[in-house]
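Student: The sequence isn't on hand, but the structure is:
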Ligand code: PXP
């Protein structure tokens, strides 16, 4: 049996981070999104944070109006974000935890503690014809909770694994990758669509692409960094090649 196609979602948040460092209009994350699609992205991801530190409300509206591929709207499960998401009508919403003091999304959503709040929240998005994914830790407990919340998709947090690789702690990296591998199989067996993301580079993306249950990767920071050296389109093409190599190894 051959593995399912693997989509690449490009996260343009950090194009907006660079823009906001100077307060003007450049570089424009919408321009980056259009270029990313031309270079082979299957979708665009953007995180509208409560503090608007990178993507802002106007960016989200412009992304929705401008791009020809699915928009994945990352957000915290707040009342304000629900209203904006329903008004924007993206293809998908990915619910993430959010702390004002964090640099990036640390850890997965508390799907166990937040269960009773998340059930009606996810239902409202689903009734707005938005596909909901929950960004969770790669654990059976989180997957069981996600399934009971009735979200059709989970995105497995790859951050702990990628960080271990980055600092060269290969014993921990092996353990963390095993968690991702097991979680992908378990979530898929429970009927959930499986995505993965956070901290991926060419090598880790190649490795995670070999997991046949994973059908989408969402990648941002590394690619925006690589764009400084080789350009965004070339970085995306290299990422696509790495993913294809990894996928071929799983067949
Ligand atoms: N997926 C989710 C749910 C995220 O929160 C992020 C970070 O915004 C990413 C993917 C992309 O992570 P990175 O920018 O490290 O590639």
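Tutor: Structure's in. What do you need? This is a predicted model, so every value here is computed, not measured.

Student: CA atoms for contacts and neighbours, from now on please.
Tutor: OK.

Student: quick one: secondary structure of residue 179?
Tutor: What DSSP: H, G, I helix; E, B strand; the rest coil gives for residue 179 is helix.

Student: Pull up the gap between residue 162 and the ligand, please.
Tutor: 9 Å (CA to the nearest ligand atom, to the nearest Å).

Student: List the contacts of that residue.
Tutor: Going by CA atoms under 8 Å, 6 or more residues apart in numbering, residue 162 touches 173, 198-200, 204.

Student: and the ligand, which of those residues reach it?
Tutor: Among these, proximity to the ligand is found for 198-200 (CA under 6 Å from any ligand atom).

Student: What residues does residue 107 make contact with?
Tutor: Taking CA under 8 Å, 6+ apart as the test, what residue 107 contacts is 97, 136-137, 157, 159.

Student: Could you list the low-confidence segments of the stretch 1-150 of the chain?
Tutor: 1-2, 100, 105 (pLDDT under 70).

Student: Run a quick neighbour tally on the nearest residue in space to residue 98 that is not next to it in sequence.
Tutor: If the residues on either side of it in the chain are set aside, residue 98 comes closest to residue 76, at 5.9 Å by CA to CA, 6 or more residues apart in numbering. When counting by other CA atoms under 10 Å, one arrives at 20 neighbours for residue 76.

Student: okay but residue 76 is in contact with residue 93, surely?
Tutor: No. Applying CA atoms under 8 Å, one finds residue 76 not in contact with residue 93, separated by 9.8 Å.

Student: List the buried residues of the helix or strand harbouring residue 223.
Tutor: Using DSSP states H and E, the element containing residue 223 is helix 221-230. The neighbour-count check on helix 221-230 (16 or more other CA atoms under 10 Å) flags 221-224, 226 as buried.

Student: Just the ones in helices from the contacts of residue 162, please.
Tutor: 173, 204 (DSSP state H).

Student: Report the distance from the host helix or strand of residue 196 to the chain centre.
Tutor: Taking DSSP H and E as the definition, residue 196 sits inside strand 193-197. The chain centroid and the centroid of strand 193-197 are separated by 8 Å under CA atoms, centre = their mean, to the nearest Å.

Student: elements contacting that strand?
Tutor: strand 153-157, helix 170-189, strand 214-219 (3 or more CA pairs under 8 Å, 6 or more residues apart in numbering; DSSP states H and E).

Student: Show residues contacting the one helix or strand residue 121 maps to.
Tutor: Using DSSP H and E, residue 121 falls within helix 115-127. Helix 115-127 has contacts (CA under 8 Å, 6+ apart) with 77, 82, 85-86, 111, 131-132, 145, 149-151.

Student: Buried residues of that helix, list them for me.
Tutor: Within helix 115-127, the residues scored as buried using 16+ other CA under 10 Å are 118-119, 121-123, 125-126.

Student: do the same with stretch 184-204
Tutor: Buried, per 16+ other CA under 10 Å, within stretch 184-204: 184-188, 192-202, 204.

Student: For the chain, what lies in contact range of the ligand?
Tutor: 105, 135, 197-200, 218-222.

Student: In those, find the pair that's most separated.
Tutor: Greatest spatial distance in the residues of the chain next to the ligand: 135 and 222, 19.0 Å, computed using CA to CA.
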